[in-house]
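> 3D, please:
(one chain, ligands or ions: 1)
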Amino acid sequence: MVIDVSKTPVVDVYHALVGIVTPRPIAWVTTIDVKGRVNLAPFSFFNAFGANPPIVVFSPTLRRDATKKDTLLNVEATGEFVIHASTAAFAEKINQSSTELPPGESEVELIGLHTTPSLKVKPPRLVEAPVAMECKVRQILPMGDGPIAANLVIGEVLLIHVDDAVLDEQGRVDPRKLKTVARLGGDFWCHTSDLFEQKRP
Ligand SMILES: Cc1cc2nc3c(=O)[nH]c(=O)nc-3n(C[C@H](O)[C@H](O)[C@H](O)COP(=O)(O)O)c2cc1C
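Below you'll find the predicted structure:
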């Protein structure tokens, strides 16, 4: 099969892309709106891109009706967000938190979790999550204006909370303890339990 993007419906291009670019880590993002109401949602268009300063990017795409998701509206309005690592223990709750609630209704309450104030940004972090990264927006880059168009939210990480329980003896995050989950194509997710090591040449 050959997919010529210029002749293919956008939904089919989307399904090809998310089936091919795998596995994708999942940013579990808290933001607040101008009234201070907390929003939580997962985003698998996500990764880290440098460490000096630490830069992360995630993309809340436009909805099928080309409107902006609450997370995008919130980062545009407040310039801050918190990214939590998505771990196996919370896989179901992460999925549940993608429910489209009316603005102002909290996904945190819906899934029965709790927040605590962040130290450097206004959006709170999830108490239960083993890792949280407090971030400020560096830039937001919209790419297109139709359904599923990307909006690159480029953030600088200001502060990282890590539960000691997921650290190795060197004080680094141990993947065997953090147990992140990731997104594949369709409704498939994967665990990070099938690990192998390779020394860098
Ligand atoms: C695991 C997972 C990953 C997702 N990744 C994205 C993504 O990268 N970009 C996006 O726009 N929506 C993504 N979604 C859908 C959003 O989470 C969903 O639209 C959510 O309701 C947006 O919330 P908001 O309107 O409160 O910002 C994902 C959903 C799940 C379950």
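> name the nearest residue to residue 95, ignoring sequence neighbours.
The shortest distance from residue 95 to any non-neighbouring residue, by C-beta to C-beta, 6 or more residues apart in numbering, is to residue 42 (7.5 Å). Placement of C-beta: from N, CA and C, glycine included.
> same thing with residue 189?
Nearest residue to residue 189, sequence neighbours excluded (C-beta to C-beta, 6+ apart): residue 181, at 5.4 Å.
> could you pull up the mean pLDDT of the host helix or strand of that neighbour?
For residue 181, the host element (DSSP states H and E) is strand 181-183. In this model, strand 181-183 has an average pLDDT of 98.
> near the ligand at all, the helix or strand that that strand is followed by?
Moving toward the C-terminus from strand 181-183, the next helix or strand (DSSP H and E) is strand 189-191. No. In terms of C-beta under 6 Å from any ligand atom, no part of strand 189-191 sits within range of the ligand; the closest distance is 7.1 Å.
> how about the most centrally placed residue in the chain: which residues does it bridge to?
Closest residue to the average C-alpha location of the chain: residue 27 at 1.8 Å, with C-alpha atoms, centre = their mean. On the basis of DSSP bridges, residue 27 is bridged to residue 43, residue 85.
> I'd assumed residue 56 was in contact with it.
Yes. Counting by C-beta atoms under 8 Å, residue 56 is a contact partner of residue 27 at 7.3 Å.
> now do the shared contacts for the two.
In the contact map built from C-beta atoms under 8 Å, 6 or more residues apart in numbering, the residues linked to both residue 27 and residue 56 are 46, 83.
> strands of the protein, residue ranges please.
24-25, 27-32, 38-43, 46-51, 54-58, 80-85, 115-116, 125-126, 131-143, 150-162, 181-183, 189-191 (DSSP state E).
> got those strands as CSV, with distance to residue 170 columns?
Putting the strands of the chain into CSV (distance: least, C-beta to C-beta, whole Å) gives the following:
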stretch, distance to residue 170
strand 24-25, 22
strand 27-32, 25
strand 38-43, 30
strand 46-51, 17
strand 54-58, 19
strand 80-85, 19
strand 115-116, 27
strand 125-126, 25
strand 131-143, 17
strand 150-162, 13
strand 181-183, 24
strand 189-191, 24
